[in-house]
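> Okay, here's the prediction I keep looking at, along with the sequence it came from:
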Amino acid sequence: MTYEHGDGAKRMPSWMRRPLKAPGRGAQVRDMLSELRLETVCAEAKCPNRGECYAAGTATFLVLGRQCTRDCRFCAVTSAPPVPPDPGEPQRVAEAARRMGLRHVVVTMVTRDDLADGGSGHVAAVVGALRALTPTPHVEVLISDMGGDEASIAVVTDSRPDVFNHNVETVPRLYAEVRPQADYRRSLDVLAQAAGTGLPVKSGLMVGLGEREDEVRDALRDLRGAGVSLVTIGQYLRPSREHLPVTEFVGPKTFRAYADMARALGFAAVASAPFVRSSYHAAEMAAGAPGPATGPRSA
């Protein structure tokens, strides 16, 4: 479940290899997603954990279509003119969560710079549909920066997800190359706005793109300063030859050092390892979050 492409591709180190998982509920999950016409970031972003998560009967839902209005050079999601939002999608996400028996649901989105509200109303509708389930699951949203529009971000926070997630992805020096249509400071402002509402706030970094350890430390410090309480750090993997190459396969010792840095800065929960992704084992991570993400929720 790992990949690296192109001339001069680096040989996978031993810590990036692992046995295939048993099929488990994988086929059942895929069939249900097809039946309900739902997308997952697991498939669209070519997540290396997809087989494991599907087999365990879970997935991270991707709403607002498969086409993104931005062209980040690390991301496998297609950059193309998007389709109009599907008003039936929130209920279908809720139905999928019900069938899968999910107690912690992660919902992410493509960036929709074409929409006046950045897609915030649709995301809030998904949260509302999930809130109507019995028993009510915890809901984690992983959203775009919505152009930094405070009113749009407020629509999402007002829907009261249990965890608000927005990834900064990389260190500020690499933004022009990695995320040319995004802005590091804008992302920090989005996180700070959400943290100001009292919600547990989460963010994540990829490593292996050419960042220095001191830059990772500074980014972690910035995230804590913005009120982020949960952080993920994982290895960047190149989805295709058209994407940025891997500069380095970061070793387990460095991932442990990053985890120690984050804990020393006061993060309530930290996940730092090669295969870590924002939504990987999200329920376990949310259990360490302050505020509404802790404890069981009833209808």
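Great, that's in hand.
> Poorly predicted segments of the stretch 151-299 of the chain, please.
Residue ranges of the stretch 151-299 of the chain with pLDDT under 70: 291-299.
> hey, where'd the strands end up in it?
Remark: strands assigned in the stretch 151-299 of the chain by DSSP state E, counting those that start in this stretch are 163-165, 201-207, 230-235, 269-272.
> what's the offset of the longest one from the middle of its chain?
The chain centroid and the centroid of strand 201-207 are separated by 8 Å, computed with C-alpha atoms, centre = their mean, to the nearest Å.
> between that strand and strand 230-235, how big is the angle?
Relative orientation of strand 201-207 and strand 230-235, computed by axes from the mean of the first three to the mean of the last three C-alpha atoms, to 10 degrees: 20 degrees.
> isn't there a strand covering V139?
Yes. Assigned with DSSP: H, G, I helix; E, B strand; the rest coil, V139 falls within a strand.
> Can you give me the neighbour number for it?
Burial of V139 is recorded as 27 neighbouring residues (other C-beta atoms under 10 Å). To be clear about C-beta, it is placed using only N, CA and C from the backbone, and glycine gets the same treatment.
> Any chance of TSV for the strands of the stretch 151-299 of the chain, columns mean neighbour count and distance to C53?
Output for the strands of the stretch 151-299 of the chain, formatted as TSV (neighbours: other C-beta atoms under 10 Å; distance: least, C-beta to C-beta, whole Å):
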stretch	mean neighbour count	distance to C53
strand 163-165	27	16
strand 201-207	26	16
strand 230-235	26	14
strand 269-272	22	14
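> a markdown table please, covering these and showing distance to V110.
Compiled in a markdown table, these are given as follows (distance: least, C-beta to C-beta, whole Å):
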| stretch | distance to V110 |
| --- | --- |
| strand 163-165 | 15 |
| strand 201-207 | 17 |
| strand 230-235 | 20 |
| strand 269-272 | 24 |
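> of all those, which lies closest to A283?
strand 163-165 (9.9 Å; C-beta to C-beta).
> Now tell me what touches that closest one from outside.
108, 138-143, 156-157, 194, 199-204, 230, 278, 282, 286, 289, 293 (C-beta atoms under 8 Å, 6 or more residues apart in numbering).
> how many other residues sit next to the closest residue to L102 other than its chain neighbours?
Nearest-residue entry for L102: P137, 5.5 Å, with adjacent residues in sequence omitted and distances by C-beta to C-beta, 6 or more residues apart in numbering. P137 is flanked by 21 other residues according to other C-beta under 10 Å.
> wait, what's in contact with P137?
A97, L102, R103, H104, V105, L130, R297.
> Spatially nearest residue to the fourth one (excluding sequence neighbours)?
In space, H104 comes closest to A283 once its chain neighbours are excluded; the distance is 3.5 Å by C-beta to C-beta, 6+ apart.
> What residues does the one you found make contact with?
R103, H104, H138.
> Of the residues you listed - the most surrounded one?
Going by other C-beta under 10 Å, H138 tops those with 24 neighbours.
> who does that residue bridge with?
Per DSSP bridges, the residues bridged to H138 are H104.
> And for I233, nearest residue in space, chain neighbours not counted?
S272 (4.1 Å).
> so that neighbour touches F255, yeah?
Yes. Contact status for S272 versus F255: in contact at 4.7 Å, counting by C-beta atoms under 8 Å.
> follow-up on the earlier one: just want to check the distance between the residue nearest to H104 and A271.
12 Å (C-beta to C-beta, to the nearest Å).
> give me the number of residues near R70?
17.
> Just the closest of the contacts of P137 to R221, please.
The closest of those, once distances to R221 are taken by C-beta to C-beta, is H104, at 28.3 Å.
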